[in-house]
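**Student:** Here is my input, please return the structure:
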Amino acid sequence: MNQEEKTSKFKWILYVIVVPAIFAITIFVIFLSVSGVDVAEKAKEASKNIPVIKNIWSDNAVQTASTNNDMEKQWQSKFKEQEDYIKILNSDLQKKEKEVSDLKSDIALLKKQAEEADTAVKDEKNVQLKKLYESMSAKDAAAVLAEMNNTDILQILNLLQPETQAEILSKLEPKRAAELTELIASDSL
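**Tutor:** Predicted structure coming up:
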């Protein structure tokens, strides 16, 4: 019976005092947390005065500080690695941009050379064409030109001296010579 009394007293203390106390403390902690008080930090500060708990907090604090320090060093080394990698990439980018710039200037130079070569070839052909028609008689030149269209005739006549042009036009059919004369006059205006 004595055992039952002790158990029932224990249950009574548990149900009447301990459970409501835990409930009240929990409500109080929630209220303080909602009102902006850092309850955990305040508990740590208060427990520093209790000898046994003081040792527990100090060991955890040293471990936490050590862990934080190690993690910070790891992040700093990773950050440094990433910075170095970015520098390498920037260097490569600058090299590639210079290569692109050099290639663009080479392309521009080659285009200019191609245009000059085309112009030189065209000029050489025009010189040869001029020599050919100036070496022909006006009658023969007129016979050849009579078979061409007006645009081609104008290009050839523009290469020749005015006297040679006049001789060739005089040997063409009068109607065709009049058309060509009008075209020559409109080009010179």
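**Student:** residue closest to the middle of this protein?
**Tutor:** Leu93 (10.9 Å; Cα atoms, centre = their mean).
**Student:** The helix or strand harbouring that one packs against which elements?
**Tutor:** Assigned by DSSP states H and E, Leu93 belongs to helix 51-135. Where contact means 3 or more Cβ pairs under 8 Å, 6 or more residues apart in numbering; DSSP states H and E, helix 51-135 is packed against helix 39-47, helix 150-159, helix 162-171. Every C-beta, even on glycine, is put in place using the N, C-alpha and C of the backbone.
**Student:** Near Leu132, how many other residues are there?
**Tutor:** Residues near Leu132, counting by other Cβ atoms under 10 Å, number 13.
**Student:** no wait, Glu5
**Tutor:** Neighbours of Glu5 (other Cβ under 10 Å): 9.
**Student:** Tell me which helix or strand comes right after the strand or helix carrying it.
**Tutor:** Counting by DSSP H and E, the element that carries Glu5 is helix 2-13. Once helix 2-13 ends, the next helix or strand along the chain (criterion: DSSP H and E) is helix 19-34.
**Student:** Just the CA coordinates for that following helix, please, in PDB.
**Tutor:** C-alpha atoms of helix 19-34 as PDB (Å, rounded to 0.1, in the frame of the first residue of the first chain):
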ATOM      1  CA  VAL A  19       2.700  19.400 -16.500                       C
ATOM      2  CA  PRO A  20       1.100  22.800 -15.900                       C
ATOM      3  CA  ALA A  21       4.500  24.300 -15.100                       C
ATOM      4  CA  ILE A  22       5.900  23.000 -18.400                       C
ATOM      5  CA  PHE A  23       2.800  24.300 -20.200                       C
ATOM      6  CA  ALA A  24       3.200  27.700 -18.600                       C
ATOM      7  CA  ILE A  25       6.900  27.900 -19.400                       C
ATOM      8  CA  THR A  26       6.200  26.900 -23.000                       C
ATOM      9  CA  ILE A  27       3.500  29.600 -23.400                       C
ATOM     10  CA  PHE A  28       5.800  32.200 -21.800                       C
ATOM     11  CA  VAL A  29       8.700  31.200 -24.200                       C
ATOM     12  CA  ILE A  30       6.300  31.500 -27.200                       C
ATOM     13  CA  PHE A  31       5.100  34.900 -26.000                       C
ATOM     14  CA  LEU A  32       8.700  36.200 -25.600                       C
ATOM     15  CA  SER A  33       9.700  34.800 -29.000                       C
ATOM     16  CA  VAL A  34       6.700  36.500 -30.600                       C
END
